[in-house]
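1. Can you look at this prediction? I've put the sequence above it.
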Amino acid sequence: MVKIDEALLNKAVKKGLDTLQKGEHLDMEDPNEIGKFIFGILASALLSWLAVAAPVFSTPANVLSSLDVRACTTPANSLKNPSFESSAFTPWVFKPTYIKLGSATVVKSGYKSDHAIQATGTSGYNDPTSYNKLSQTFKICKAARFQLSWSMILPKDSVAYTAPSKPGLFVQAKAPDGLSYSMGSFSFDTKTFSSNIYTPSFKGTHKVDQWANFVADLPNSQTGTWTISMEWYVAGPSAKGSKTSTLKFKIDNFVVKPK
């Protein structure tokens with residue numbers, strides 16, 4: 001790419017304009033002088049146009065460049081630490097709305113692995129709803145349809161609530177354009193839990209103490225930064241003296257891959 005010396009360019013343009021403004025004539029017999037003046041005028045116009053057009057053609061911060069796309073490889077799993085074998089969260093992030101009312105810890109005995117996340121929530125009379133979020137951000141650099149899969153188990157005697165406020169779980173995806181999409185929802189009872197996956201459409205009822213596997217499609221094929229999250233909640237009883245509402249379950253074996 002040719003680099004234009006703006007200082008020399010401006011000098012040439014100024015000289016030509018001063019000459020015209022004074023009523024003088026360019027030396028028509030000096031091709032170098034005429035060439036410099038014409039080049040200066042054209043180049044100046046080009047630079048002005050580029051300055052205006054640059055913001056229009058700039059790449060949004062959340063969109064991968066064409067070079068990134070060409071260099072992109074699609075891993076077998078876009079998520080890191082998918083089965084928590086490192087005994088740590090990273091790069092997963094846990095955010096409880098109320099620290100004392102929810103938790104997420106790495107525990108032993110997962111789905112065909114040594115570890116899993118044990119998620120809990122609790123809420124008593126006069127407590128706010130326990131709302132908790134476990135999420136991970138990742139990048140997709142090739143436009144294709146991807147899907148999220150994971151495994152979940154509800155241990156025996158891990159749910160207590162006062163009807164009709166059953167504990168629940170939402171599975172969410174935040175796309176590169178900033179919009180959030182619900183991919184599925186779950187409702188927990190004392191002896192079973194129910195699932196509702198939106199795409200592909202699936203509804204089921206699952207027994208306690210048994211691992212269940214789930215698959216949900218990401219909502220679109222955008223490239224850029226995505227965030228998937230598991231968001232569970234437990235509402236407390238409305239009557240004084242009622243039993244505290246509780247929830248405990250395990251999640252493991254997360255995978256984001258092309259369909």
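-> Yep, that arrived. Owing to the predicted nature of the structure, the values given are computational and were not obtained by experimental measurement.
2. which residues of this protein fall in strands?
-> Assigned by DSSP state E, the chain shows strands spanning 93-96, 102-108, 115-123, 130-140, 146-153, 159-160, 168-174, 180-188, 192-197, 202-207, 212-217, 224-234, 245-258.
3. okay if I get those as CSV plus mean pLDDT and distance to Asn81?
-> Using the backbone N, CA and C atoms, a C-beta is placed for each residue, glycine as well. Formatted as CSV, the strands of the chain follow (pLDDT from 0 to 100; distance: least, Cβ to Cβ, whole Å):
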stretch, mean pLDDT, distance to Asn81
strand 93-96, 98, 12
strand 102-108, 97, 10
strand 115-123, 98, 10
strand 130-140, 98, 8
strand 146-153, 98, 13
strand 159-160, 98, 27
strand 168-174, 99, 18
strand 180-188, 98, 20
strand 192-197, 99, 24
strand 202-207, 98, 25
strand 212-217, 98, 19
strand 224-234, 99, 13
strand 245-258, 98, 9
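4. Identify each buried residue in stretch 82-99, please.
-> By neighbour count on 16 or more other Cβ atoms under 10 Å, the buried set for stretch 82-99 is Pro82, Ser83, Phe84, Phe89, Trp92, Phe94, Pro96.
5. Tell me the one among these nearest to Ala143.
-> Pro82 (22.9 Å; Cβ to Cβ).
6. Next, give phi and psi for Gly178.
-> Phi and psi for Gly178, reported as degrees, to the nearest 10, are phi 90, psi -10.
7. how many neighbours does it have?
-> 8 (other Cβ atoms under 10 Å).
8. What of the one 10 residues further on?
-> Phe188 is surrounded by 23 other residues when neighbours are defined as other Cβ under 10 Å.
9. cool, Ala160 as well?
-> With other Cβ under 10 Å as criterion, Ala160 counts 16.
10. Please apply the same query to Ser135.
-> When neighbours are counted by other Cβ under 10 Å, Ser135 comes out with 16.
11. That one: what's it in contact with?
-> Shown in contact with Ser135 (Cβ atoms under 8 Å, 6 or more residues apart in numbering): Trp92, Val93, Lys95, Thr227, Ile228, Ser229, Met230.
12. again, only using 7 Å
-> Ser135 makes contacts with Val93, Thr227, Ile228, Ser229, as judged by Cβ atoms under 7 Å, 6 or more residues apart in numbering.
13. same question, Ala216
-> Contacts of Ala216 (Cβ under 7 Å, 6+ apart): Gln147, Leu148, Val171, Met183, Gly184, Ile197, Thr199.
14. Now, of those residues, which are buried?
-> Gln147, Leu148, Val171, Met183, Gly184, Ile197.
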